[in-house]
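> Structure of the sequence below:
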Amino acid sequence: MREITLDVLDDIARGAGILGTGGGGDPYIGQLLAREAIREHGPVPVVAIEDVPADATVVPVAGMGAPTVLLERVPNGGEELTALRALEKHLGRPATHITPIEIGGVNSMLPIA
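Numbering: from 1, shown residues only. You can find the predicted model right below:
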């Protein structure tokens, strides 16, 4: 199984910045959050699409709004998890997998965090 580790975060952020062509802002803040999460919780497993069960609950994770706000008000890193837990409560079941909603900027890093 592949894993996202600290040593590949720079490459992922760089690739997301290029492929996102500037959309979604600079991945820097998201990368800081992802780096801290990996330090605290360990590497993030990457699951191939063919290994996701048909009955899986896959949830896209993202931030919304203008990315420039992140320069003025840095997130604490718990916003997406709070939203995910609220969705799980509403659905009555846990998410089995999360996925980025887009390749660009900050949203490429949030699911890692």
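> which residues of the chain score low on pLDDT?
22, 67-71, 74-77 (pLDDT under 70).
> Need the three-state assignment for P45.
strand (DSSP: H, G, I helix; E, B strand; the rest coil).
> Kindly provide the distance from it to M64.
26 Å (CB to CB, to the nearest Å). Yep, even glycine has a C-beta here, placed from its N, CA and C like the rest.
> Repeat that for V46.
Taking CB to CB, one finds V46 at 24 Å from M64.
> Quick check on these two: which one has the bigger neighbour count.
Neighbours per residue (other CB atoms under 10 Å) separate V46 from M64, with V46 holding more: 11 against 7.
> Now for that one: which residues touch it?
By CB atoms under 8 Å, 6 or more residues apart in numbering, V46 lies in contact with M1, R2, E3, I4.
> Okay, and the nearest residue to Y28 once chain neighbours are set aside sits in which element?
Counting by CB to CB, 6 or more residues apart in numbering, Y28 lies nearest to A13, which is 7.4 Å off, once chain neighbours are set aside. Per DSSP states H and E: A13 is located in helix 6-19.
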